[in-house]
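Asks: Using only what follows, build the 3D model:
(2 chains)
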Amino acid sequence: MHLFNGVDEYFLMQNNTWLAHQQVPNFKIFENSRCTLCRQVNFETLGVISISRQMINVIPLLDPLGPSVITLLLDDCPLPSKESVFKVVNMLHLSRDTAIKGRLNPTKQRNICVVLGCIAEKLAGPRNMEILNDDTIDYLLTNLDQNTDPNVILFSLIALEKFAQSSQNKILIMKKLKEQITSPIAELEEWKNEKHYVKRQVGFLCSMVVMDNRKYSYQMVIMDKINAMLNTSDVSEYLKISPDGLEARCDAYSFESVRCTAHADIGVWYYEVFIITPGVMQIGWATKNSNFLNHEGYGIGDDRFSLAYDGCRKLIWYNAKSDPQNLPRWEAGDVLGCLLDLDTQQIIFSLNGMSLPPCMHVFTMAKSGFFAAASFMSFQQCRFNFGAEPFRYPPGMTYSTFNEHGSLKPEDKVVLPRHIFLSQLRQQNIGEDSCTLCYDQKASVRLIPCEHSGILCIMRQSAVRMSHVPSAIPTGCRRQS
Amino acid sequence: MAALPRRIIKETQRLMQEPVPGISAVPDDSNARYFHVIVTGPEDSPFEGGLFKLELFLPEDYPMSAPKVRFITKIYHPNIDRLGRICLDILKDKWSPALQIRTVLLSIQALLSAPNPDDPLANDVAELWKVNESEAIRNAKEWTRRYAMDN
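Replies: Model (predicted):
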C-alpha cells in the first residue's frame, strides 16, 4: 500500500520541525492532518513555494522516506502556475557557484534537487524548458562532480532525467554533457558495484543513461548462468530493470511492481533480496491474479492473491491490510529471505537470517502459481537473487530455486532500453481486417440483423451486447436493430 | 513495460500517420500509455487562438474503460475545474470501447465550442455563465490570452 494511500503514517512539519512517520490510529485523523498541511496555504501562488521552502530546509538527509515525502506532498498540490514555479526556482538562486558552495550543506542541496525533479515532472513541455535555463543545467551538472555528496549527485541525476523527458531539454542536456572534457556519466557508472549504497544507486542510474557514443549496457552483460529474472513483460510502466534483469529501481511517484519469470506450484522455494535503499518496498509472493495498480498506490500484498513484507514500516501486507512485526527497520545492505512452502502452505520472511512468524492468509485464495514479486515506492532499489549466486542465509531445509528450475530463451534474457523497446513495438504491422476493439484477432463476427461484418472478433462480440456500448455498432446498424 | 495491447499500438500509429486537424497527441518517450496533447481553441469560441495542453492516460483495462484526460493549461470553462478535470459524459458513464483517443479529443474540442453551465464542474464559472454570459465569455477570452497564448 502506497504511503499516502494507507492508514498508518503521516508526515507533519510543525514550527519547522520534522515529525517523521508517526503511527496514526485512524484514517480520519490521517486525512485531516495531511489536509491541514497541504491546504493551510493558498496554492495559487503560495502553496508550492512555501511547501518547497519548508521542505528544502527541514527534511533530513538520512531519513529513508525524506525524498519520497517531498515528492508526494508536491504531487498533492494542484498544478502550480508558471509564476509560482518561477518564484520557487528564483528563490533557490541556482548556478554553478551555488552548487560548489552548497557542498558544505548537502542536505539542502539534495532537497533542492528533489524539488527540481518534481517540478520537471509536473511541467512537461515548453515551461519545462524555461525552467531548465543555463543556470539550472550548470547547477545540476556541477553537482555531478565526484567531490559532491553522493546523495546530491543521485538526485541531480534524477532531476536531469525528468527534465530530459521533453525532447528539447534532452538535446540541450546532451549538448552540455558533450562540452565537458570527461563524461561525468561514464565516470559515475563505475560506481555501480560500489559498497557505498548511495554511490551504487548513482552507478545504476548512469548505466541506464542512453548516449549515442557508447554501447548499451544490455549488449555487454553475460547472461549464461541466468535462468530466472525479473519479467520485463510483467511490470508496471515506470520501473527500471537492470541489464542483467535482477535489479530494479523506481524513480516515479507511483507504486511500481514486477513479477519474476518463473513460478512455483509444489514444494519449497526460496529467494533472497539485497536491500539497497531502506525505504518502502513490499517484497514477497504473488500469483498472476494479483494486479499492479501502480497509479492507485496498490501493489504486492494489497490484494488477496499476494503477500509481502515491508521492512521499512515493519509490516506484513495481505489484501491491503497490514500486520506489524517486531524486527529492526531494514537498512541498506540487509538481506530479506523469502521462503514459500507449498506443502505446509506457509510463507516465512527473514531479515538477515532472523525469521518472522509464518503467514498463511494468501493460501485461502491460491494454492499454486506463485511468482517472486515486489513493489517499490519512489527512489527505492533492490537486487534479487533467484539462486544464480550462493544465498547468504539459506533455509535449513531442502528447497528449490527459480534459477535452477527456470529456463529462458536467449531473446527473453535481453532487457532492452525502453525507447528501443517502444520504437520496435510501434513498427509492428497490424492488419486493417482486425477487430476494431482489440486488434488482436481478425474481425470475423457478422452482426444480425444488419449483416455488418469486419468490425468485431469472437472474443469481443459481447461488447455489443453491453447496454452501455451502443456506439460499438456502426450508426447504420443501430437504426435497423 | 508490460506488454502493450495491439489496440493501443494501432491507435498510436494512426494518430501519427493521419493526425486530426487542430489536435496533436504524441506518446511519451518512455510511457506508451501517456500522451502529450495540444488542442487548439475552436473558431468562434472564447478560446479561439489558444493552444491548450492536456495529458491523456490509457488505464490498464483500456479500451474497456475510458482514458483519463486532464487540462494542463488553465482554462475558464464551466465544465473544467481548476485542477483541469473535465466533466464529459463519454469519459464517464457514456464511455464505449468503440470510441478512441481521436474521438475523445474531438469531443473535448467540441466541449470548448459548447460549454454546458447546467452540468457544471466549476461552480463559480457556471454560475457566472448563466447569470452574465457576456462577462463569462470576457473572462474566458482573458484567460485564453493569459494562459494559452504564451507558447
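
Asks: Can you pull the poorly scored residue ranges out of chain B?
Replies: Residue ranges of chain B with pLDDT under 70: B:1-3, B:150-151.

Asks: What distance do you get for the nearest residue to residue A:353 once chain neighbours are set aside to chain B?
Replies: What sits nearest to residue A:353 in space, not counting adjacent residues and going by CB to CB, 6 or more residues apart in numbering or on different chains, is residue A:393, at 4.0 Å. For the C-beta atoms, the positions are set from N, CA and C on the backbone; glycine is no exception. Applying CB to the nearest CB, to the nearest Å, the value for residue A:393 to chain B is 32 Å.

Asks: Am I right that residue A:393 falls within a helix?
Replies: No - secondary structure of residue A:393 (DSSP: H, G, I helix; E, B strand; the rest coil): coil, not part of a helix.

Asks: What parts of chain B come near chain A?
Replies: Contact residues (CB under 8 Å from any CB of the partner chain) of chain B with chain A: B:1-7, B:9-10, B:12-13, B:27-33, B:36, B:53, B:55, B:57, B:59-60, B:63, B:72, B:74, B:82-84, B:93-99, B:150-151.

Asks: shouldn't residue B:91 be in contact with residue B:101?
Replies: No - using CB atoms under 8 Å, residue B:91 is not in contact with residue B:101, being 11.9 Å away.

Asks: Which of the two has more residues huddled nearby?
Replies: For residue B:91 versus residue B:101, neighbours defined as other CB atoms under 10 Å in any protein chain shown are more numerous around residue B:101 (24 against 18).

Asks: quick one, helices of the stretch 151-300 of chain A?
Replies: Shown for the stretch 151-300 of chain A, the helices assigned by DSSP state H, counting those that start in this stretch span residues A:167-179, A:184-189, A:197-208.

Asks: where's residue 128, which helix or strand?
Replies: In the absence of a named chain, this looks at chain A. helix A:126-131 (DSSP states H and E).

Asks: that's the other chain; I wanted chain B
Replies: Assigned by DSSP H and E, residue B:128 belongs to helix B:123-131.

Asks: Distance check, the residue nearest the centre of chain B against residue B:37.
Replies: For chain B, the residue nearest the mean C-alpha position is residue B:108 (4.4 Å; CA atoms, centre = their mean). For residue B:108, the distance to residue B:37 equals 9 Å [CB to CB, to the nearest Å].

Asks: May I ask you to name the longest helix in chain A?
Replies: helix A:106-122 (DSSP state H).

Asks: does chain B sit close to it?
Replies: No - on the criterion CB under 8 Å from any CB, helix A:106-122 is out of touch with chain B, staying 9.0 Å away.

Asks: and that helix with helix A:167-179, angle?
Replies: In terms of direction (axes from the mean of the first three to the mean of the last three CA atoms, to 10 degrees), helix A:106-122 departs from helix A:167-179 by 140 degrees.

Asks: Could you list every helix and strand that helix A:106-122 packs against?
Replies: helix A:48-58, helix A:66-76, helix A:82-91, helix A:126-131, helix A:134-142, helix A:150-163 (3 or more CB pairs under 8 Å, 6 or more residues apart in numbering or on different chains; DSSP states H and E).

Asks: List the contacts of the longest helix seen in chain B.
Replies: Taking DSSP H as the criterion, chain B has its longest helix at helix B:133-147. With CB atoms under 8 Å, 6 or more residues apart in numbering or on different chains as the test, helix B:133-147 has contacts from B:41, B:46-50, B:73-78, B:125, B:128-129.

Asks: Mind listing residues that contact the helix holding residue B:128?
Replies: With CB under 8 Å, 6+ apart, helix B:123-131 has contacts from B:76-79, B:115, B:117-118, B:120, B:135-136, B:139.
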